[in-house]
Structures are given as C-alpha cells and as structure tokens.
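**Q** here is a sequence with its predicted model. Questions after.
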Amino acid sequence: MKKVILSAILALTFISAQAQWTLEGFKFRDNWSIGARGGVVTPLKQVTDFDYLRGSFSLNIQKMIVPSFGIGFEGLGTINTSEWVYPGPHPQNYIDHQYVGAYLAFNLMNLFGGYYGVPRIFEIEVTAGAGWLHSYTPGKGNDANGWGTKYELNLNFNMGASRAWTFNIRPAILYDMGRSFKKQGGTIPGQYPQYNINNAVVELMAGFTYHFLNSNYTHSFTIAQLRDQGEIDGLNSTINGLRNDLENCNANNAALQSKINSLQAELDACNARPNAVREVFEDLAAIRYVFFNLASSVILNTQRPNLELVANELKHHPGSTITIKGYASPEGSLSFNQRLSARRAEAVKKALVNNYNISPSTINAQGCGIGDVFSVPSWNRVAIITVNQ
C-alpha cells in the first residue's frame, strides 16, 4: 500500500514539473486510448514450469494527463486451463480468475528525454496500480475476493505518421495482497496485506492500443507555438500595415473603376453615333476621286486627269454645281484629320478654279474628317468630287 501511495505522490510531482510545457490537446476528451491484449500468466514461484501457464486477456482504457503521466483502468481475465495452488477438480468456470483495477502510467522516455510534439517510434512506460481480485478457486462451488497490486513494464512501438496505433509488449507482476473465501457457512478471513512471491503471478501480454483523435486534430499532444509580446506587437503592426495597403488598393480600384465607367460611357456614345461617312452613289459617271499622300493636301500629277474629267463634265452640263468632300485616314488625332480633310477639299476647289476657270460660286468644298468610304484605311486619303446636274 505504501508503494501505491508513493506512486501517487510521484505522479503529482511529475505533473507539477511538466506543467511548464505549453501543449495543445489538453481538454478532458483529449488523449484517451483503448487497448486490447492477450498472452500468458503463471505463478511467480513456478515461472519456469510451463505446466502452470494459462492464457489471459485484458482490456484497458487510459487517459494521458501530460506526455509523461496518465491514469488508466484495466480489466483482466485468466482462462481455466490448470490449477495453480489447490489440488482437486478444476472449477467449471471458463474464466477462473479476474482482476479489475486502476493504475498510474509513467512514460519514461518523455519524462527523462523531453517531449517534442510527436510521440517517439519506441517508448518505455511503467505502470503501478491496485484493484479487485476475484477467484473461482479453490474447489468447485467456492470463490474468493481480495485485492491486489500490479506493476507493469510496457514496451510501446508507435506506428504510422499520425501515431494513432501502438503495438505493446507488456510484462507485469500482480501481487495478491489478501483475500477472504466465501463458503455456505460464512466467510473465512484472509491473510494480512503483504508482498509475497507465493501470492504473485507473472504476466506476458502483447496487443494493440488505439489513440483517439484529439481536439487539436492529432492523436497526441502538440507543442503550442508561443510568441513574446514584442513579436506579437510586430505582427500586429504588420497586419495593420497590410490593412492600410488594402484600403489604399480599394481606393485606387474605386478611382480606376470610375475612369473605366467614364471611358465606357464615351465608347457607348461613340458607338451610338451614325457612321461619319457612308456615301451611296447612283451616278458613278458624275463622281471623281482625287487621292493624296499621308498627311498631305498637295494634288499629285497622277490625279490631275480626274480634275479634267470633272471640267469636261461641266461643259456638257452647264449650270451644274460641284460638291467636294475631303477625307483623311485614321492616323493622327481627330482635330488634325479634320483640318487635313478641309485642306484637301480646298486644294481641289482651288485647282478647278485656277486651272479650268470654274466659278467658285458653283463649288461647295467641305472637310469631313476621318472617312470610311473604303475598307482600306489608306484609300480614305481622298477628296470626292460630285457633279450635281
């Protein structure tokens, strides 16, 4: 009993010593596990005599409070295959001994080697506990109740990247600290509590343990990432700076969107206007074209025959008037092309007046800006002369 009390005192000491760890996964529902094992058990005094071996199995539930310390509960049963102490017929029960107890668990690797956020592949754990013993021996129809202490060495092999499963090899010693026997006439008191190899058994068990998923979405404790106040202030300053940048970006986006809307409105208005030039001519004989070089209003010698055709047309139709429309190709600004188209119309008018003695009062010359009379843009560097009969 003193050893159990001492173990509890040591457990409290370990909890206090390791409270300095800042861990995630500390809620009550965290770090629970369940394990199932099977193996053999034999009296400690006859540990080398295989005639006394019998099968055993157990189920345990465990809660780790810190990475190096936990508590658990265990249920153990032994299979009736031999009679250890008392001669005579075997009991009829399939399970002839059972143990139910609680224990303290100490992870020695984490205790002495530290814990770094992920369970090691191999760990050594020791447990110490006490519980209720029940025996269906000696003799048919009799049973016995008592209590025992159990000490266990666990060799744990943690498997997988998430360490959700553990393979355990667990040798242990279970002491029968005292029992009383029930008979039809009453109860026979047992011996005083004592550690006696004559009242102890050795277990060798192996099995698997499953670690349930924690609130931190892992199957174990994780180390919290702590920050000092200076680092936190720096991060807050960075966050505030990013927020200001975001507000400036939003303001710039609003200005750009306003500009986009304005340009879209101008484009819509432009698209809504009728085509600047779209002439349909029915009498092609009364129409002549004078083409110009880029950005020029000088009449080329190659274009002068077109002026002579216009003069001849007027001789055959006296009293007719002339309309001259000057155009420009899309290169350059609107204002420049407007002035250029007017100069081209005036150049043609001046040539008809000066060279062919046509009255200026019969000529109407006008600049029409950028034209789209022809699909080839350069052909729109033209003055179109129409004889109105």
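**A** Yep, that arrived. Numbers count the residues shown, from 1 in each chain.
**Q** now the helices for this structure?
**A** 2-18, 108-113, 229-272, 304-316, 334-356 (DSSP state H).
**Q** which one of those helices lies nearest to Asn198?
**A** Nearest of the helices of the chain to Asn198, taken as Cβ to Cβ: helix 2-18 at 18.5 Å. Every C-beta, even on glycine, is put in place using the N, C-alpha and C of the backbone.
**Q** winner for burial among the helices of the chain?
**A** Mean neighbour counts were taken over the helices of the chain using mean count of other Cβ atoms under 10 Å, and the top value, a mean of 18, falls to helix 334-356.
**Q** give me the beta-bridge partners of Leu23?
**A** Ile223 (DSSP bridges).
**Q** correct me if wrong: it contacts Ala224.
**A** Yes - in this structure Leu23 lies within contact range of Ala224 using Cβ atoms under 8 Å: 6.3 Å.
**Q** looking at these two, which has the bigger crowd around it?
**A** Neighbour count, other Cβ atoms under 10 Å: between Leu23 and Ala224, Leu23 has more, with 19 against 14.
**Q** circling back to that earlier point, I'd like to know which of the helices of the chain is closest to Ala206.
**A** Of the helices of the chain, the one closest to Ala206 (Cβ to Cβ) turns out to be helix 108-113, at 19.4 Å.
**Q** give me the contacts around the closest one.
**A** Residues outside helix 108-113 that contact it (Cβ atoms under 8 Å, 6 or more residues apart in numbering) are Phe14, Gln18, Pro67, Ser68, Phe69, Arg120, Phe122, Glu123, Ile124, Glu125, Val126.
**Q** which one of the helices of the chain lies closest to Asn214?
**A** When the helices of the chain are compared (using Cβ to Cβ), the closest one is helix 108-113, at 16.3 Å.
**Q** convert the C-alpha atoms of that closest one to PDB, please.
**A** Output of helix 108-113 as PDB, limited to C-alpha atoms (Å, rounded to 0.1, in the frame of the first residue of the first chain):
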ATOM      1  CA  LEU A 108       9.900   7.300 -19.100                       C
ATOM      2  CA  MET A 109      11.100   8.500 -22.500                       C
ATOM      3  CA  ASN A 110       9.100  11.700 -22.200                       C
ATOM      4  CA  LEU A 111       9.800  12.100 -18.500                       C
ATOM      5  CA  PHE A 112      13.600  12.000 -18.900                       C
ATOM      6  CA  GLY A 113      14.100  12.800 -22.600                       C
END
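**Q** what average pLDDT does that helix get?
**A** Mean per-residue pLDDT for helix 108-113: 91.
**Q** next one: stretch 160-180
**A** Averaging pLDDT along stretch 160-180 yields 89.
**Q** so which bits of that stretch are buried?
**A** For stretch 160-180, the neighbour count (16 or more other Cβ atoms under 10 Å) marks 163-164, 166, 168, 170, 172-179 as buried.
**Q** do stretch 201-216 as well
**A** Buried residues in stretch 201-216, defined by neighbour count with 16+ other Cβ under 10 Å: Val201, Val202, Glu203, Leu204, Met205, Gly207, Thr209, His211, Asn214, Asn216.
**Q** ok so, going back, in strands, which of the buried residues of stretch 160-180 fall?
**A** If you go by DSSP state E, the buried residues of stretch 160-180 have Thr166, Asn168, Arg170, Ala172, Ile173, Leu174, Tyr175, Asp176, Met177, Gly178, Arg179 in strands.
**Q** any common contacting residues for Leu23 and Ala224?
**A** Between them, Leu23 and Ala224 share no contacting residue, judged by Cβ under 8 Å, 6+ apart.
**Q** how close does Ile197 sit to Glu74?
**A** Using Cβ to Cβ, to the nearest Å, Ile197 is found at 22 Å from Glu74.
**Q** between the two, who's got more neighbours?
**A** Neighbour totals were compared for Ile197 and Glu74, and Glu74 leads with 22 against 13 (other Cβ under 10 Å).
**Q** chain neighbours aside, what residue packs nearest to the more buried one?
**A** Asn60 (4.1 Å; Cβ to Cβ, 6 or more residues apart in numbering).
**Q** how near is that neighbour to Leu153?
**A** Counting by Cβ to Cβ, the gap from Asn60 to Leu153 is 15 Å.
**Q** ok, the two, which is more surrounded?
**A** Taking neighbours as other Cβ under 10 Å, Asn60 and Leu153 compare with Asn60 leading, 23 against 14.
**Q** lowest-confidence helix or strand of this protein?
**A** strand 186-188 (a mean of 46; mean pLDDT, DSSP states H and E).
**Q** tell me where this protein is predicted with low confidence.
**A** For the chain, the stretches with pLDDT under 70 are 1-22, 24-25, 82-92, 137-142, 179-193, 226-227, 274-285.
**Q** same thing but 50
**A** Per-residue confidence of the chain (counting by pLDDT under 50) places the weak regions at 9, 12-13, 16-20, 86, 181, 184-188, 276-282.
**Q** give me the most central residue, it.
**A** Among the residues of the chain, the one closest to the centroid is Tyr217, at 13.6 Å (Cα atoms, centre = their mean).
**Q** quick one: residues contacting that residue.
**A** Applying Cβ under 8 Å, 6+ apart, no residues qualify as near Tyr217.
**Q** cheers, nothing more for now.
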